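Peer 1: This is the structure alone, sequence omitted:
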Ligand SMILES: CC(C)(COP(=O)(O)OP(=O)(O)OC[C@H]1O[C@@H](n2cnc3c(N)ncnc32)[C@H](O)[C@@H]1OP(=O)(O)O)[C@@H](O)C(=O)NCCC(=O)NCCS
């Protein structure tokens, strides 16, 4: 077998819609309060896609930013992977529209559905293709318009989520010169459809007047069970990296932006200070597959990715599915 090609990150990009939905705005829509939301989640506002904006259009802006950061032309891309659970439509893949709009004339593409773990899983798939030599330049975008599957009468879910997109381009480490891919993990525990899901619109509950009447096209969630699961796997994933590489190697943790309290509880459990974590949940809420790449780009802009140090990205969500991505910057 040929030797594996070392992989790096050529470019990072992000895009969030202009419109802000604050906690005070939500107070006018459902029975909630700014105080409750901030105390339980750390979220102060989230972004909402404008009429006419769709997942591929958010993804397009993030992808363009990543290409500019990489100094790469769209024709140089070999593969486009779009991680999303709110694609433009059930099929064809949102990646096909994205690749077309971007001008990625040579690229193949597909979508990857792993909810909040989507970017972390897709990045490992991308890195595998580059490592093997099958593709040279792979674009991964995590993009979501969750506002279109939220029930703004359900205070248990509608306050938590927002819209956005983030992107990364993987290529050989030689070309990228930074962000060496060191690996990661992909895990699942099935049979959890009732904990966090969009039940309607698939083969189990096809869209009918009745399914719409029952609101099955909206996201449903059992919050407390998700909370406990998220704290446990976050702590396990980060502890695993420390056991393998040592505490000193750790530069920054850029986790799925799930909930400030989940992040704080997990950090306390591992005995690590909060200044090791990058968060932006106060401004965007939970943007599912977009959350890690948006945070990664912002951590980069803020100078939080330190040369030679590890960047750990734990993610977890519906499935249940969880895992992490590990880079050395
Ligand atoms: C949803 C979540 C914030 C609730 O926090 P919590 O500390 O478990 O909530 P509590 O048990 O203190 O309170 C629940 C009560 O608050 C109420 N409540 C829920 N949402 C509310 C809101 N937006 N505003 C006011 N009250 C709300 C509930 O109706 C419930 O009331 P009840 O006790 O009368 O039934 C928390 O469970 C959570 O973050 N879970 C993880 C969810 C998540 O991140 N999912 C995505 C994973 S990828």
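Peer 2: Sure, I can see it. Note that the structure is a prediction, hence the values are computed from the model and not measured. Residues are numbered from 1 along each chain as shown.
Peer 1: Now do the residue nearest to residue 196 when sequence neighbours are not counted: how many residues are near it, please.
Peer 2: Leaving out its chain neighbours, the residue that sits closest to residue 196 by CB to CB, 6 or more residues apart in numbering is residue 318, at 4.2 Å. All C-beta atoms are positioned from the backbone trio N, CA, C, and that covers glycine. By other CB atoms under 10 Å, 22 other residues sit near residue 318.
Peer 1: Quick check, the residue in the stretch 101-250 of the chain closest to the ligand?
Peer 2: The minimum distance from the stretch 101-250 of the chain to the ligand, using CB to the nearest ligand atom, falls at residue 223 (3.0 Å).
Peer 1: Show the pLDDT at that residue.
Peer 2: pLDDT, residue 223: 72.
Peer 1: show me the contacts for it.
Peer 2: Each residue near residue 223 by CB atoms under 8 Å, 6 or more residues apart in numbering is listed here: residue 156.
Peer 1: and what of the one 10 residues further on?
Peer 2: For residue 233, the set of contacting residues under the criterion of CB under 8 Å, 6+ apart consists of 187, 314, 316, 322.
Peer 1: Go ahead and confirm the first one touches residue 321.
Peer 2: Yes. Counting by CB atoms under 8 Å, residue 187 touches residue 321, with 7.1 Å between them.
Peer 1: Now the two most distant members of the contacts of residue 233.
Peer 2: Spatially, the most separated pair among those is 187 and 314, at 11.0 Å (CB to CB).
Peer 1: returning to what we had before: and the residue nearest to residue 196, how far is that from the ligand?
Peer 2: Separation of residue 318 from the ligand (CB to the nearest ligand atom, to the nearest Å): 7 Å.
Peer 1: Next, the contact list for that residue, please.
Peer 2: Here residue 318 is in contact with 85, 115-116, 192, 195-197 (CB under 8 Å, 6+ apart).
Peer 1: So which of these wins on neighbours?
Peer 2: Of the contacts of residue 318, with other CB under 10 Å as the count, residue 116 tops at 31 neighbours.
Peer 1: quick one: the helices in the protein?
Peer 2: Using DSSP state H, the helices of the chain run over residues 23-27, 34-41, 55-70, 94-102, 118-132, 155-158, 173-176, 209-213, 223-245, 260-270, 281-284, 291-301.
Peer 1: excluding its backbone neighbours, what's nearest residue 124?
Peer 2: residue 184 (4.9 Å).
Peer 1: ok, what's across the strand from that neighbour?
Peer 2: residue 325 (DSSP bridges).
Peer 1: Let me know the closest of the contacts of residue 318 to residue 273.
Peer 2: residue 116 (24.3 Å).
Peer 1: my guess is that closest one meets residue 258, correct?
Peer 2: Yes. Under the criterion of CB under 8 Å, residue 116 makes contact with residue 258 at 7.0 Å.
Peer 1: Need the overlap of contacts for those two.
Peer 2: Listed as contacting both residue 116 and residue 258 by CB under 8 Å, 6+ apart are 286, 291, 316-317.
Peer 1: would you turn the residues you listed into TSV with neighbour count?
Peer 2: Formatted as TSV, the shared contacts of residue 116 and residue 258 follow (neighbours: other CB atoms under 10 Å):
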residue	neighbour count
286	23
291	31
316	28
317	24
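Peer 1: any chance of these in JSON lines, plus pLDDT and distance to residue 132?
Peer 2: What follows is the shared contacts of residue 116 and residue 258, written out as JSON lines (pLDDT from 0 to 100; distance: CB to CB, whole Å):
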{"residue": "286", "pLDDT": "98", "distance to residue 132": "33"}
{"residue": "291", "pLDDT": "98", "distance to residue 132": "28"}
{"residue": "316", "pLDDT": "96", "distance to residue 132": "27"}
{"residue": "317", "pLDDT": "95", "distance to residue 132": "28"}
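Peer 1: Closest to the ligand out of the residues you listed?
Peer 2: For these, the closest approach to the ligand (CB to the nearest ligand atom) belongs to residue 317, at 3.5 Å.
Peer 1: residues in contact with that closest one?
Peer 2: 114-117, 196, 256, 258, 288.
Peer 1: which residue packs closest to it, ignoring adjacent ones?
Peer 2: residue 116 (2.8 Å).
Peer 1: next one: residue 199
Peer 2: The spatially closest residue to residue 199, leaving aside those adjacent along the chain, is residue 216, at 4.6 Å (CB to CB, 6+ apart).
Peer 1: For the one you found, what are phi and psi?
Peer 2: phi -70, psi -10 (degrees, to the nearest 10).
Peer 1: Much appreciated, bye for now.
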